[in-house]
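In: using only what follows, build the 3D model:
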Amino acid sequence: MKLRIARSTSKLKLITEMYRAGLGLSILGSFENHAGFSGVMLGDPKNEYHFEFTEEENADSQSIPHKESLIVFYEPEPIRYVARIQDMKSAGFKNVKSHNPYWDDVGETFVDLDGHRIVICKKEWKT
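Out: The predicted structure is shown next:
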């Protein structure tokens, strides 16, 4: 299976650049003015997931995500972890205290321009 995480935004260009720079993602595709929607798909062609951000013409796409609604990336390699944290900050993600203290113990939590949270976890993913 492949995974697409799709959500709306009213800041498509800014969110696209923020996620591209902060997470090192590439633009995999985009569309403009399709039935009143424009969008961008971001990801890494080598991985089985990507983000889709859409913006509806003449609509306010403001959502208020819960503090525990998280997207978590696991980066156990210390040098890459530190570099990713710096990339997130440089891209404009705001570093915030996590609602669940577990995430502060194992990584750093960031919030994007729309209030959605991303965690960069320094532990290895274990199923």
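
In: residue ranges in the protein under the pLDDT threshold?
Out: 61 (pLDDT under 70).

In: any chance you could map the strands in it?
Out: Using DSSP state E, the strands of the chain run over 3-8, 26-34, 37-43, 49-56, 70-74, 94-96, 107-111, 117-121.

In: in TSV: those, plus distance to residue 83 and mean neighbour count.
Out: Every residue, glycine included, has its C-beta placed from N, CA and C. Shown next, in TSV, are the strands of the chain (distance: least, Cβ to Cβ, whole Å; neighbours: other Cβ atoms under 10 Å):
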stretch	distance to residue 83	mean neighbour count
strand 3-8	23	13
strand 26-34	17	12
strand 37-43	19	20
strand 49-56	20	19
strand 70-74	13	15
strand 94-96	15	13
strand 107-111	13	21
strand 117-121	10	21
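
In: hmm, what's the outermost residue in the chain?
Out: Within the chain, the residue lying farthest from the chain centre (Cα atoms, centre = their mean) is residue 35, at 25.1 Å.

In: that one and residue 10, how far apart?
Out: Separation of residue 35 from residue 10 (Cβ to Cβ, to the nearest Å): 17 Å.

In: kindly report the same for residue 2.
Out: Residue 2 is 27 Å from residue 10, by Cβ to Cβ.

In: what about the two, which has more around it?
Out: Per other Cβ atoms under 10 Å, whichever of residue 2 and residue 10 has more neighbours is residue 10, with 15 against 8.

In: residue contacts, the more buried one?
Out: 55, 59-62, 114 (Cβ atoms under 8 Å, 6 or more residues apart in numbering).

In: which members of these are the farthest-apart pair?
Out: Farthest pair in those (Cβ to Cβ) is 59 and 114. Separation: 13.9 Å.

In: the two: which is more packed in?
Out: For residue 59 and residue 114, the more surrounded residue by other Cβ under 10 Å is residue 114, and the numbers stand at 19 against 11.

In: what number of residues lie near the nearest residue in space to the more buried one that is not next to it in sequence?
Out: Sequence neighbours aside, residue 9 is the residue nearest to residue 114 in space, at 5.4 Å (criterion: Cβ to Cβ, 6 or more residues apart in numbering). By other Cβ under 10 Å, the residues close to residue 9 number 22.
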